[in-house]
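Visitor: 3D, please:
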Amino acid sequence: GEAVRASHLQRQREAAGDVSGHEYFSYLGQKTQMEAANQARVDVAEARMKGEIGSKLREGQTLQNAAKIDAETKVISTQRKGQGTKEEIKVKTEVKVFENQREAEVAEANAELAKKKAGWAKEAKLAEVEADKAVALRDAELQKKVEEMNVLTRTEKLRAEFLRKANVEYETKVQEANWELYKNKKPPKRTSTKSRKRQMPRKPPWTDTFTPRSKNPKGFKHWLRLRGLTYAPFSTLWEVTTRL
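Guide: Take a look at the predicted model:
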C-alpha cells in the first residue's frame, strides 16, 4: 500500500515539474522496500509462530483426545465391570432367594412330617394304653374268678374240716358216755335184739337234718347248743375265708 502511495506522489510531483524531490522519493522507496522486507520477516515469523502454535495445538489436541479416549475407555470399562458385578450380584441374590425358599419348603415339609409322626405315635400310644387296660381288666376279671374259686375251695375245706371235727367230737362223747354207762350199770342181762339195737351208738343227730349244703340245719344247731357251742352260718364262714 505504501509503494502505491509513493508512486502516486511521484507522478504528481513530476506532473508539477518538481525535479528537486527526486532523492526524497528515492529514500521513500528504500523505506518502503525495508518495511516490506521487515513485514515479510514479520509475516514469516508469524507464520512460523502460527505453525508452531498449530503444531502445539494439534499435539495438545491429540493428547487431549487421547486422554479423553482413555478416560472414556476407563469409564466404559468401569461401567461394563460394574454392570457385570451388578448382574453377578443379581444372579447370586436370585440363587440365594431360591435356596432360602427351598430351605423354607423343606423345613415346612419336615415340620408337617414331624407333626404327622407325633400324631401317629400318640395314636399308637393310646392304642397300646387301651390294649394294656383291656389286658389288665381281663387279668383282673380272671384273678377275681380265681380268688372266688379259691374262697369256695377254702370254704368247702373249712366246712369239711369242721364236720370232721364235729364227728370226731361226737364219737368221742358217745364213747365216753358208753364208758360211763358201762361202769355204772349192773351185770348184763340177756336182752333182746331190739334192746341191743337201742343201746348201740346212733349216728350223729344232725346227719338226717344237716348236710354240707343244708339250708335249715336245725338238728345241728340244737346239738351245738347242748354242748355250749354257737352256730356260724355259711355267710360268716365266707367272710372268714375271704380274710384269710
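
Visitor: what about the strands in this protein?
Guide: With strands called from DSSP state E, the chain shows none.

Visitor: which sections of it are below the confidence cut-off?
Guide: Residue ranges of the chain with pLDDT under 70: 1-22, 24-25, 185-244.

Visitor: biggest helix in it by residues?
Guide: Ranked by number of residues, the top helix in the chain under DSSP state H is helix 22-184.

Visitor: Packing partners of that helix?
Guide: helix 2-16, helix 234-242 (3 or more C-beta pairs under 8 Å, 6 or more residues apart in numbering; DSSP states H and E). The C-beta positions use only the backbone N, C-alpha and C, and glycine is treated the same way.

Visitor: what about 10 Å?
Guide: helix 2-16, helix 218-226, helix 234-242 (3 or more C-beta pairs under 10 Å, 6 or more residues apart in numbering; DSSP states H and E).

Visitor: Near Leu152, how many residues? Count them for me, please.
Guide: 12 (other C-beta atoms under 10 Å).

Visitor: What of the one 4 residues further on?
Guide: Each residue near Glu156 was counted by other C-beta under 10 Å, and the total is 13.

Visitor: Equivalent analysis for Asn178, please.
Guide: For Asn178, the tally of surrounding residues (other C-beta under 10 Å) stands at 13.

Visitor: Please apply the same query to the one 4 residues further on.
Guide: Residues lying near Tyr182 (other C-beta under 10 Å) number 9.

Visitor: Thr85 too?
Guide: Counted with other C-beta under 10 Å, residues neighbouring Thr85 total 10.

Visitor: need the contact list for it.
Guide: By C-beta atoms under 10 Å, 6 or more residues apart in numbering, the contact list for Thr85 is empty.

Visitor: I'd like the distance from it to Asp70, if you could.
Guide: According to C-beta to C-beta, to the nearest Å, Thr85 and Asp70 sit 22 Å apart.

Visitor: same deal with Lys157?
Guide: To Asp70, Lys157 is 125 Å away according to C-beta to C-beta.

Visitor: Same check on Lys145?
Guide: With C-beta to C-beta as the criterion, Lys145 and Asp70 are 110 Å apart.

Visitor: swap in Ala124?
Guide: Ala124 sits 78 Å away from Asp70, taking C-beta to C-beta as the criterion.

Visitor: Over to Gln143?
Guide: 105 Å.

Visitor: Also Asn150?
Guide: Taken as C-beta to C-beta, the span from Asn150 to Asp70 is 115 Å.

Visitor: Number of residues surrounding Arg154?
Guide: If you count neighbours by other C-beta under 10 Å, Arg154 ends up with 16.

Visitor: Repeat that for Val151.
Guide: Count around Val151 with other C-beta under 10 Å applied: 16.

Visitor: Could you check how far it is from Lys144?
Guide: 10 Å.

Visitor: List the buried residues for stretch 29-44?
Guide: By neighbour count on 16 or more other C-beta atoms under 10 Å, the buried set for stretch 29-44 is Thr32.

Visitor: would you put the C-alpha positions of it in CSV?
Guide: Once non-C-alpha atoms are left out, stretch 29-44 reads as follows in CSV (Å, rounded to 0.1, in the frame of the first residue of the first chain):
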residue,chain,number,x,y,z
GLY,A,29,11.3,3.8,-2.0
GLN,A,30,14.1,2.4,0.1
LYS,A,31,12.0,2.8,3.2
THR,A,32,9.1,1.1,1.5
GLN,A,33,11.4,-1.8,0.5
MET,A,34,12.8,-2.1,4.0
GLU,A,35,9.3,-2.0,5.5
ALA,A,36,8.2,-4.6,3.0
ALA,A,37,11.2,-6.8,3.9
ASN,A,38,10.5,-6.3,7.6
GLN,A,39,6.9,-7.1,7.0
ALA,A,40,7.9,-10.2,5.2
ARG,A,41,10.1,-11.2,8.0
VAL,A,42,7.3,-10.5,10.4
ASP,A,43,4.9,-12.4,8.3
VAL,A,44,7.4,-15.3,8.2
